[in-house]
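Participant: This is a predicted model, with the sequence first.
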Amino acid sequence: MAKKAHGLGRGLDSLFEETEELDSSALQEISVGLLDPNPDQPRKDFDEESLSLLADSIRDQGVLQPLIVVATPGSGGRFRIIAGERRYRASRQAGLETVPCLVKELNLTQQREVALIENLQREDLNPMEAARGIRDLMQHCGYTQDKVAVRLGKSRPAVANLLRLLSLPEEITDMVREGQLSAGHARVLAGLATPEEQIQLGRKAAEEGLNVRQTEALAARMKAPQKKPPRKTELEPEMRELQERLLEKTGMKATLTGTVKKGRIVLQYGSMDELNRLSELLEKM
């Protein structure tokens, strides 16, 4: 097998090792006009400023890492890009006529694996694209969370946290995709009970520029059980009558709690005069 291109990552290298007997590969210079993007490309957003910077680098140093392509049957010599569409776009912008390509023989499942893993190993993939890519690996390629973690060099909790983002409402996932909220914000929102709460806090975090710690504090407050006011119990008729008599005799507000068998009497006074009057009443008794 040809020497692996630098930067592909262990996950992608190990996939090629597993499929080595199923294909032949060769590094070729291929015309950019014969290359077609992959319709199953996990990356949906290509930042124009970032592409321009990459195009400048390519003009200066060339394409340092080859694209991974497969021949398209019955197309008259065309190739489908499996990994490297960003490099392809930047190369066209840089005015290159040909780009280095690693031509592979891969079945459809392997093509999907390579495309997903190659993109997921890159730091600039936004969290929602990464989450959808992981879901696709599990749904279409039979990966478990453990296998995804090994392939990508991530921890299993990190993979599980990314997958949790897919449960969020579309409004929140759009904010994450557009960079208004980070993956950290999204994980906090995923812990709230309802989509309404998630949207409410997500909007507040985005509009007020809250950091993750501030968002966590607000989420904890929203999840805290609301204390219910103590329920007032109806006094028995005898207790109610005694409460009224105490008010009449002392001139003070009297509060009775409990039952005729056991309870508490509280007299409230508002001045020294009222307290002295109560003292005089007690002496007479």
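Facilitator: Happy to help now that I have it.
Participant: Val266: which element?
Facilitator: With elements delineated by DSSP states H and E, Val266 resides in strand 263-268, which encompasses its position.
Participant: Just the buried residues of the helix or strand following that strand, please?
Facilitator: Next helix or strand after strand 263-268 toward the C-terminus (DSSP H and E): helix 272-284. Residues Leu278 are the ones in helix 272-284 that count as buried (16 or more other C-beta atoms under 10 Å). In short, each C-beta sits where N, CA and C put it, glycine included.
Participant: tilt between helix 272-284 and strand 263-268?
Facilitator: 130 degrees (axes from the mean of the first three to the mean of the last three C-alpha atoms, to 10 degrees).
Participant: show me the contacts for Leu54.
Facilitator: For Leu54, the contacting residues are 86-87, 90, by C-beta atoms under 8 Å, 6 or more residues apart in numbering.
Participant: just those now: which is nearest Thr257?
Facilitator: Using C-beta to C-beta, the shortest approach to Thr257 within the contacts of Leu54 belongs to Arg86, at 72.8 Å.
Participant: okay, now the residue found closest to the closest one once you drop the neighbours it is linked to in the chain: neighbour count?
Facilitator: Counting by C-beta to C-beta, 6 or more residues apart in numbering, the nearest residue to Arg86 once its immediate chain neighbours are dropped is Phe46, at 6.4 Å. Counted with other C-beta atoms under 10 Å, residues neighbouring Phe46 total 12.
Participant: Helix, strand or coil: sort out Phe46 for me.
Facilitator: Classification of Phe46 into helix, strand or coil gives coil, according to DSSP: H, G, I helix; E, B strand; the rest coil.
Participant: Which residues are in contact with the residue nearest to Leu275 when sequence neighbours are not counted?
Facilitator: Excluding its sequence neighbours, the residue lying closest to Leu275 (C-beta to C-beta, 6+ apart) is Tyr269, at 5.0 Å. Applying C-beta under 8 Å, 6+ apart, we find Tyr269 in contact with 252, 275, 278.
Participant: Could you dump these into a markdown table with pLDDT and distance to Glu244 added?
Facilitator: Supplementary listing: these in a markdown table, determined by pLDDT from 0 to 100; distance: C-beta to C-beta, whole Å:
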| residue | pLDDT | distance to Glu244 |
| --- | --- | --- |
| Met252 | 72 | 12 |
| Leu275 | 75 | 21 |
| Leu278 | 75 | 17 |
